[in-house]
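*Asks:* Here is a sequence together with a model predicted from it:
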2 protein chains.
Amino acid sequence: MTATLHDVARAAGVSIKTVSNVINNYPHVRVTTRERVEAAIDQLQYRPNQAARSLRSGRADMIGLIVPDLRNPYFAELADDVMRAARARGFSVLIEQFDADRESELAALRGARRRGLDGVLYSVLSLGEDDAELLDEVGMPMVLLGERIFHSAHDHVTMRNTEAAQAATAHLLRGGRSRIVALGSHPGEVVGSAGLRLRGYEAAIEAAGLTVDPALVVPVDRWHRIDGAEAMRAVLDAGLAFDGVVAFNDSIALGAMRVMLERGVTIPDDVALIGFDDLDETRYSLPALTTIDPGRSEIARVAVDLLVDRIVGDDGDAPREILAEFRLVERESTSR
Amino acid sequence: MTATLHDVARAAGVSIKTVSNVINNYPHVRVTTRERVEAAIDQLQYRPNQAARSLRSGRADMIGLIVPDLRNPYFAELADDVMRAARARGFSVLIEQFDADRESELAALRGARRRGLDGVLYSVLSLGEDDAELLDEVGMPMVLLGERIFHSAHDHVTMRNTEAAQAATAHLLRGGRSRIVALGSHPGEVVGSAGLRLRGYEAAIEAAGLTVDPALVVPVDRWHRIDGAEAMRAVLDAGLAFDGVVAFNDSIALGAMRVMLERGVTIPDDVALIGFDDLDETRYSLPALTTIDPGRSEIARVAVDLLVDRIVGDDGDAPREILAEFRLVERESTSR
DNA sequence: CTGAAAGCGCTTACAG
DNA sequence: CTGAAAGCGCTTACAG
């Protein structure tokens, strides 16, 4: 049915080795031979069998991307960036989603192994330091995205959370705001994004000679739009006085924006609002949202390069930690 | 290094056939033997080699999803739905994106073949009827998503475009609107989403005893947010009088909403607005957007089931065309 | 520059 | 209920 290397070899009157040489662009093939083989390939519509190739070479040319949820635009945009970067290196990407529980996250990691991938990019969510052992069991090259909550032997690419949150907060302070809500904290968390961003917020407040008012630090459990909306509703219901909001991601910011506008709070006049992530949609809200570009496409590119280098090369090098550069993108929500 | 079937067999004191039987849940294995083998598997941390399995069985348990762009929330949400449906059937999903040109779309199709997938779901964009031949060259089971622009021998799952557009337009007419803009037409197109939706729009207008005003049919080339914004800007600049908008997708609708609000046009008081797709974010715009739920998760489920049935079964059946049920989701943008 | 042959790690008839 | 053996379609030393 489907043509194999043998069929092509027979049709071209050469050995399978020669056909293999042509397919893999081995340089030392006589031109006339090459042409004869290529004609046979065309005629038989030969396509190499990927499974046989993988079995022989030990490589699938495929990496996994393990993320929480593509419905979350941050991860959809990250996936896009990762797929482009992977393609540039000749790899395709198998995406594995997980739900917001430990078990589902572990299942995704196990799945990566089962699927015969060459390596994985893993955006950690629920797993913590106690699970470092489980990570080592993955048994293939792995690059972590997000915070360094593991002291494990893996490469790691992330953004400058604290510095970026400090810059965001300082931007509002420079605009004359003094009662700034931090929207999205995770009480008790230290090493995750929420903890690091809160630290940056506090540093900026203190650098301005002000004192952090705990009432302005508002927890938001999950960072989806609806959670930002609900948190802002509670803030307004409580009658809290504020003139700025640093939201810990864009989704929270957009949810909060929706509620503020609904309640007649004008942005940026009454309240200046800044988010995190530079999602595509932040350009189209009304007002357009000022935000932090965390360097996501750089993160994707660097992470893919690191992973592919580990896969194809000798991975003798020590684990690396790479921090992408961020950028404050000023739009309407903070400029009055 | 990595343990193989032979290593496990040796450790358990059985033949590799017995180990294989245990792994594949072949029922007739003595309990004590099974336990011995499982102990050896655990101890050696044995994991079956997927490439060898695929080579032998001719199956990769992996399907491709070929879509334009995950940054487009419609496709991100579709991908999420497809991955969940595929997982339920034991398959994983390799996503292949393409850009807005023919060549890139063809490359994605070719890539699917090269990657050794068992089948593909393909959301057609640029390719047209003239390319039907190319589709047949894919050489594996394929289910098309989107409009039936091919009279080819492939299964096909889509929504009721015309009926849904008619329902959307009728909804505005019932709300007392009479000058309704159709936002998103593709002049000259007949069989694509734009053509079908325009036909539904026209049918509703005429059913209400009104006449279609060509000036109200506004072309939008790409259906991204920014294109909807630009089209609406032009409409307002032209001084066109209207009191309703049927946008051919939610992104266009949200872009248009942004511009209308900016220009002081109130929604739904001055203009009623309805979109298409029921994206997650339509619940969070201000006002929340009335839209058509095209039955996307049903489409994903049905398409995956159809594809997997073709892969595992005898595909003697004739190509099938399946239409999902739609639902009008009424929100703030049309209720005054 | 090209050929003959081994072997990657499984599954699957075929025996018993 | 279990074993011995063939073979899926490649790549890769090894020869020449």
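*Replies:* Arrived safely.
*Asks:* For the stretch 1-150 of chain A, which segments count as strands?
*Replies:* A:62-67, A:92-97, A:119-123, A:142-145 (DSSP state E, counting those that start in this stretch).
*Asks:* how far off strand A:119-123 does whichever helix or strand comes after the last one point, in degrees?
*Replies:* Think strand A:142-145. Sequence order places strand A:155-159 as the next helix or strand after strand A:142-145, per DSSP states H and E. Strand A:155-159 runs at 40 degrees relative to strand A:119-123, counting by axes from the mean of the first three to the mean of the last three C-alpha atoms, to 10 degrees.
*Asks:* which element follows strand A:155-159 toward the C-terminus?
*Replies:* helix A:161-174.
*Asks:* chain center to that following helix: distance?
*Replies:* Computed by C-alpha atoms, centre = their mean, to the nearest Å, the chain-centroid distance of helix A:161-174 equals 22 Å.
*Asks:* Tell me the bridge partners for the residue nearest to residue A:177 when sequence neighbours are not counted.
*Replies:* The shortest distance from residue A:177 to any non-neighbouring residue, by C-beta to C-beta, 6 or more residues apart in numbering or on different chains, is to residue A:244 (3.5 Å). (Each C-beta comes from the backbone N, C-alpha and C, glycine too.) Beta-bridge pairing of residue A:244 under DSSP bridges involves residue A:180, residue A:272.
*Asks:* Residue A:271 is in contact with residue A:244, correct?
*Replies:* Yes: the pair residue A:244 and residue A:271 passes the contact test of C-beta atoms under 8 Å, sitting 6.3 Å apart.
*Asks:* Mind checking if stretch A:59-72 is in reach of DNA strand D?
*Replies:* No: if you take C-beta under 7 Å from any atom of the strand as the test, stretch A:59-72 misses DNA strand D, and the best it gets is 8.4 Å.
*Asks:* in that stretch, what's buried?
*Replies:* By neighbour count with 16 or more other C-beta atoms under 10 Å in any protein chain shown, stretch A:59-72 contains the buried residues A:60-72.
*Asks:* Now tabulate the strands of the stretch 1-150 of chain A in JSON lines and tack on mean pLDDT.
*Replies:* Listed next are the strands of the stretch 1-150 of chain A as JSON lines, based on pLDDT from 0 to 100:
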{"stretch": "strand A:62-67", "mean pLDDT": "95"}
{"stretch": "strand A:92-97", "mean pLDDT": "94"}
{"stretch": "strand A:119-123", "mean pLDDT": "94"}
{"stretch": "strand A:142-145", "mean pLDDT": "93"}
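*Asks:* Indicate which one of the ones you listed is closest to residue A:318.
*Replies:* Proximity to residue A:318 (C-beta to C-beta) singles out strand A:142-145 among these, at 13.8 Å.
*Asks:* Tell me the residues of chain A that contact DNA strand C?
*Replies:* Going by C-beta under 7 Å from any atom of the strand, the residues of chain A near DNA strand C are A:13-18, A:21, A:27-30, A:33, A:52, A:55-56.
*Asks:* Just checking, which helix or strand of chain A averages the lowest pLDDT?
*Replies:* helix A:132-136 (a mean of 78; mean pLDDT, DSSP states H and E).
*Asks:* so what does it touch, helix or strand wise?
*Replies:* helix A:102-114 (3 or more C-beta pairs under 8 Å, 6 or more residues apart in numbering or on different chains; DSSP states H and E).
*Asks:* Give me the mean pLDDT for the helix it packs on.
*Replies:* Per-residue pLDDT values over helix A:102-114 give a mean of 86.
*Asks:* Could you list the buried residues of it?
*Replies:* Buried residues in helix A:102-114 (16+ other C-beta under 10 Å): A:105-106, A:108-109, A:111-113.
*Asks:* Can you tell me which residues in the stretch 51-200 of chain A are near chain B?
*Replies:* Residues of the stretch 51-200 of chain A lying close to chain B by C-beta under 8 Å from any C-beta of the partner chain are A:51-52, A:54-55, A:60, A:62, A:69-71, A:73, A:76-77, A:79-80, A:83-84, A:92-97, A:111, A:113-116, A:137, A:139.
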